[in-house]
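Asks: fold the following, please.
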Amino acid sequence: MGSFFRSHGFKRFMILVGIAIALYLMRSMINLILLTFIITYLMNRLSMKLTSTIRKYVRLNEKLIIVTLYLLFVAGIVGVVYKYLPLLSQQITQLFNLISAFNLNPNDNEITRYLAPTFEKIELGKYLEQGVNIIFENITNIGKVIMQVLIAVILSLFILLDKKRIIEFTMKFKDSKLAPLYNELQYFSKIFTRSFGKVIEAQFIIAAVNCILSVIALSILGFPHLIALGMMIFVLGLIPVAGVIVSMIPLCIIAYSIGGFMYIVYVLVIVAVLHAVEAYFLNPKLMSAKTDLPIFYTFMIILFSEHFLGVWGLIIGIPLFMFLLDVLGVTSTEDMKAKSIE
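Replies: Reported below is the predicted structural model:
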């Protein structure tokens, strides 16, 4: 029994538990920690790709590229806040009013005659009114959110500009009395950036592509409030599987309001095409190193992570689970195929 408590695996497990406890004690700062990590990881990946591409033609300092990217990023945030935030809040209100005013006329046809009592029982307007109230409560805290984003951007910029010195200084702990702890933390950090970071990157890219293609298709169909719809599609696109299902509800309601059941068919076709692009092109390209999760696992992870982590859980639940699978040494589908070939 004593050998078990002295084993390397047990020590590694206790260090992981210690990290979890430390993060729990810092839960009031979790927004800042997650934002800083996500921005740093994504901007580092983008700057490295841009640097390698530009240096094929012009010799530029990587720090100059990093600073330029951050200036463009901050300019984008400021532009959105001052120019599009009022328009966005107005469109969200109009969008909810449009959905809450949605009504199926029982005299239209047999289908609407069947669906009308169901929608009356759901009391859609009541739930949407509550949703509007929640949104406006969050808008009142928009200053706090923007401040957290700006602090995360500044911290991220300092990390990337000074990453070589940070790595060199951190390496000093390797030969110190904290060497055992350093080795384990280095092990976890490598796995974390490889699994968690890669999945987060893929989720953001997939959500952005789906948002752009969806807005283009919806604009062709003549949908109103495209900025609000685009924001909704992007945010829900960060939630694997469930985000697509949730986004279909308001889209189908708006489609019926402006064009009847034929427009609902159009929306379903658009969603099916985008889902096919994601499943057969984006996912294999961006998440080739991931373990393929059954839909049941995906929904269960989202449910539990939302319960324990709140809204953040919807976004980081899957990447966090992938990190735990990597730590536990769960073999991915591709690794299993490779081994079977060998």
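
Asks: what about Met32, distance to Ile146?
Replies: Residue 32: Leu, not Met. Separation of Leu32 from Ile146 (CB to CB, to the nearest Å): 13 Å. (Glycine included, C-beta is placed from N, CA and C.)

Asks: where does Phe223 sit: helix, strand or coil?
Replies: State at Phe223, reduced to three classes by DSSP: H, G, I helix; E, B strand; the rest coil: coil.

Asks: number of residues surrounding it?
Replies: Other residues lying near Phe223 total 20 when counted by other CB atoms under 10 Å.

Asks: which phi and psi does it have?
Replies: For Phe223, the backbone dihedrals (degrees, to the nearest 10) come out as phi -70, psi 140.

Asks: Leu229 is in contact with that one, correct?
Replies: Yes - assessed by CB atoms under 8 Å, Phe223 is found in contact with Leu229 at 6.4 Å.

Asks: so what sits against both of these two?
Replies: Residues touching both Phe223 and Leu229 (CB atoms under 8 Å, 6 or more residues apart in numbering): Ile254.

Asks: low-confidence stretches in the stretch 101-250 of the chain?
Replies: Applying pLDDT under 70 to the stretch 101-250 of the chain picks out residues 101-143, 241.

Asks: run through the helices of it in chain order.
Replies: Here the stretch 101-250 of the chain has its helices, by DSSP state H, counting those that start in this stretch, at 110-122, 124-140, 142-161, 163-171, 179-191, 197-221, 226-237, 242-259.

Asks: tell me which of those lies nearest to Leu87.
Replies: Proximity to Leu87, assessed across the helices of the stretch 101-250 of the chain by CB to CB, is greatest for helix 226-237 (6.2 Å).

Asks: what angle sits between the closest one and helix 197-221?
Replies: Orientation check (axes from the mean of the first three to the mean of the last three CA atoms, to 10 degrees): helix 226-237 against helix 197-221 gives 150 degrees.

Asks: same question for helix 226-237: list its buried residues.
Replies: By 16 or more other CB atoms under 10 Å, the buried positions in helix 226-237 come out as 227-237.

Asks: which of those lies closest to Leu282?
Replies: Checking the buried residues of helix 226-237 against Leu282 with CB to CB, the nearest one is Gly237 at 10.9 Å.

Asks: look up the closest residue to that closest one, ignoring the ones flanking it.
Replies: Excluding the flanking residues, the one nearest Gly237 by CB to CB, 6 or more residues apart in numbering is Ala207, at 3.2 Å.

Asks: what average pLDDT does stretch 73-91 get?
Replies: pLDDT averaged over stretch 73-91 equals 75, rounded to a whole number.

Asks: residues in contact with that stretch?
Replies: For stretch 73-91, the surrounding residues in contact (CB under 8 Å, 6+ apart) are 43, 139, 142, 146, 149-150, 153, 225, 227-228, 231.

Asks: are any of those residues buried, and which?
Replies: Using 16+ other CB under 10 Å as the burial test, those include 43, 149, 153, 225, 227-228, 231 as buried.

Asks: Tyr57: how many residues sit nearby?
Replies: Neighbour count of Tyr57, defined by other CB under 10 Å: 7.

Asks: quickly find the element holding it.
Replies: Tyr57 is located outside every helix and strand, with elements delineated by DSSP states H and E.

Asks: from Thr51, how far out is it?
Replies: Taking CB to CB, one finds Tyr57 at 12 Å from Thr51.

Asks: with Thr93 instead?
Replies: Thr93 sits 43 Å away from Thr51, going by CB to CB.

Asks: what of Ala152?
Replies: Look at Ala152 and Thr51: by CB to CB, they are 22 Å apart.

Asks: just Thr193 next, same as before
Replies: The gap separating Thr193 from Thr51 is 18 Å, by CB to CB.

Asks: how about the contacts made by the residue most central in space within the chain?
Replies: Geometric centre of the chain, nearest residue: Leu238, 3.5 Å, by CA atoms, centre = their mean. Taking CB under 8 Å, 6+ apart, we find Leu238 in contact with 203-204, 207, 314-315.

Asks: can you say which of the residues you listed are buried?
Replies: Those of those that meet the buried threshold are 203-204, 207, 314-315, by 16+ other CB under 10 Å.

Asks: for the residues you listed, give me CSV that also has distance to Met262.
Replies: Supplementary listing: the buried ones among the contacts of Leu238 in CSV, determined by distance: CB to CB, whole Å:
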residue, distance to Met262
Gln203, 33
Phe204, 34
Ala207, 28
Leu314, 32
Ile315, 34
